[in-house]
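In: when you get a sec, could you give me coordinates for this:
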Amino acid sequence: MSGHSKWHNIQATKGKMDAARSKIFTKIGREIAVAVKSGGPDPSSNAKLRDVILKAKQNNMPNDNIERSIKKASGELGSVNYESIVYEGYGIGGSAVIVECLTDNKNRTAGDVRHAFDKHGGSLGSNGCVSYLFQRKGVIVIPREEGLDSDSLIMTALDCGALDVIENDDDIEIITQPNEVEQIKQTLEKANFNIVMAESQLLPDMYIDLDETKLVSFQKMLDVLNDLDDVQEVYHNVNIPD
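Out: Next comes the predicted model:
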C-alpha cells in the first residue's frame with residue numbers, strides 16, 4: 001500500500017493541480033457545503049468540516065474562499081444542494097475503479113463518468129461490482145520534517161489504536177478505523193506532530209499491475225475523471241509507479 005495513498009497521488013500531480021486550481025477549489029467548496037449541511041457551520045463542533053478546511057488549506061485555498069463556501073452552504077449567500085452518487089466500474093485490464101461524486105445534476109454526471117470509462121477501455125458496472133475489493137480506512141499523513149521522532153510517532157499512533165503504520169521516504173502514513181480518524185488525529189496533534197492530511201479513504205485489498213500501454217490509457221482515464229467538477233474522489237487498485 002505504501003506510495004499509493006491519495007496524498008501521494010496529490011503530491012505526484014501537484015503541478016497539474018496548480019494549473020487547475022480553480023477546479024480544486026470548486027471540488028473542495030462542494031465538500032464544505034456537504035459538511036456544513038450535515039454538521040453545521042462551526043468547525044469547532046463539526047469534525048468533518050474541520051477536516052475539509054484542513055484539506056482546503058493544504059491546497060492553498062484562500063481563507064476568503066473557505067469562509068464564502070461556509071456562508072453559502074449555511075444559507076447566508078444562497079445555496080445549492082448537492083447529491084452524493086457513487087459509480088463503480090472496470091478500467092482497462094480488469095482494474096477496479098470507484099468514483100465518488102457530488103452533483104446537482106445526476107444525468108449530466110452519469111453521462112460524463114460513463115464517457116470517461118468508455119473512451120479509455122473501461123465500462124461502468126452495477127453497484128457492488130467492485131466495492132468488495134476495497135475497505136474504508138482512515139489515513140493520517142505526517143511529513144518527514146527535520147526533528148521528527150519517527151519512533152515516538154509510531155509508538156504514539158499504535159498506543160492510541162492505529163491499525164498500521166507505513167513508512168515512506170517523504171512521510172509516514174497512519175492507518176486507522178474510519179471512525180477513529182478524528183480521535184487519533186487529535187492525540188497526534190496534542191503530541192505536536194504536524195498532520196497534512198486526515199480523512200477516510202477506500203483502500204484496495206491488493207493492487208494489480210498493468211503493462212505500459214494499458215497503464216498510459218488508465219492514467220488518461222483517471223485524468224479525465226479527476227478533471228470533472230462533479231467528481232470528488234477516484235479510487236482504484238492499480239499500481240502506479242512514482
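In: give me the helices and strands touching the helix or strand containing Glu31, please.
Out: Element membership of Glu31 [criterion: DSSP states H and E] is helix 21-39. Counting contacts by 3 or more Cβ pairs under 8 Å, 6 or more residues apart in numbering; DSSP states H and E, helix 21-39 packs against helix 47-58, helix 63-73, strand 96-103, strand 231-236. In this view, the C-beta of every residue, glycine as well, is placed from N, C-alpha and C.
In: state the phi and psi torsions of the closest residue to Asp209 other than its chain neighbours.
Out: Closest residue to Asp209 apart from its sequence neighbours, by Cβ to Cβ, 6 or more residues apart in numbering: Asn239 at 5.1 Å. Torsion angles at Asn239 (phi, psi; degrees, to the nearest 10) stand at phi -70, psi 120.
In: got the domain boundaries for the protein?
Out: What automatic domain parsing lists as the domains of the chain is 6-73, 83-132+206-236, 134-204.
In: can you give me the angle the longest strand along the chain makes with helix 47-58?
Out: Counting by DSSP state E, the longest strand found in the chain is strand 134-143. Counting by axes from the mean of the first three to the mean of the last three Cα atoms, to 10 degrees, strand 134-143 points 50 degrees away from the direction of helix 47-58.
In: can you give me the buried ones in the following helix or strand past strand 134-143?
Out: Moving toward the C-terminus from strand 134-143, the next helix or strand (DSSP H and E) is helix 150-159. Residues of helix 150-159 classed as buried: Leu153, Thr156, Ala157 (neighbour count, 16 or more other Cβ atoms under 10 Å).
In: sorry, back to before: how close does the residue nearest to Asp209 sit to Asp211?
Out: For Asn239, the distance to Asp211 (Cβ to Cβ, to the nearest Å) stands at 11 Å.
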